[in-house]
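Engineer: sequence unknown, structure follows:
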């Protein structure tokens, strides 16, 4: 991890304050992002995650909706 990077500062703050969990990233391998059906599915996944109020803290960011 690069010292001074956003990720480094996040984990540094996490160690200091210990009040938040780590961010989660979903990475999809070998996915055709030009296929509209795939983009709709990714959008549905994002919407589903945003409804998990007890386990997922908002905001949920997704580049798919703006794509």
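Structural biologist: Yep, it's here. Note that this is a predicted model, so its numbers are computed, not measured.

Engineer: Pass me the low-pLDDT residue ranges in the protein, would you?
Structural biologist: Residue ranges of the chain with pLDDT under 70: 1, 18-22, 57, 67.

Engineer: now the helices for it?
Structural biologist: Assigned helices in the chain, in chain order: 6-17, 36-50 (criterion: DSSP state H).

Engineer: List the contacts of the longest one.
Structural biologist: In this case it means helix 36-50. 26, 28, 31-33, 56, 58, 60, 62, 64-65, 67 (Cβ atoms under 8 Å, 6 or more residues apart in numbering). (Glycine included, C-beta is placed from N, CA and C.)

Engineer: can you tell me which two in the residues you listed are farthest apart?
Structural biologist: 32 and 58 (28.9 Å; Cβ to Cβ).

Engineer: export the helices of the chain to a markdown table and tack on mean neighbour count?
Structural biologist: Formatted as a markdown table, the helices of the chain follow (neighbours: other Cβ atoms under 10 Å):
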| stretch | mean neighbour count |
| --- | --- |
| helix 6-17 | 11 |
| helix 36-50 | 13 |
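
Engineer: how close does residue 34 sit to residue 60?
Structural biologist: Per Cβ to Cβ, to the nearest Å, residue 34 is found 23 Å from residue 60.

Engineer: Pick out whichever of these two has more residues nearby.
Structural biologist: Higher neighbour count among residue 34 and residue 60: residue 60, with 15 against 7, using other Cβ atoms under 10 Å.

Engineer: Give me the residue at the spatial middle of the protein.
Structural biologist: residue 25 (4.2 Å; Cα atoms, centre = their mean).

Engineer: ok, that one - contacts?
Structural biologist: Contacts of residue 25 (Cβ under 8 Å, 6+ apart): none.
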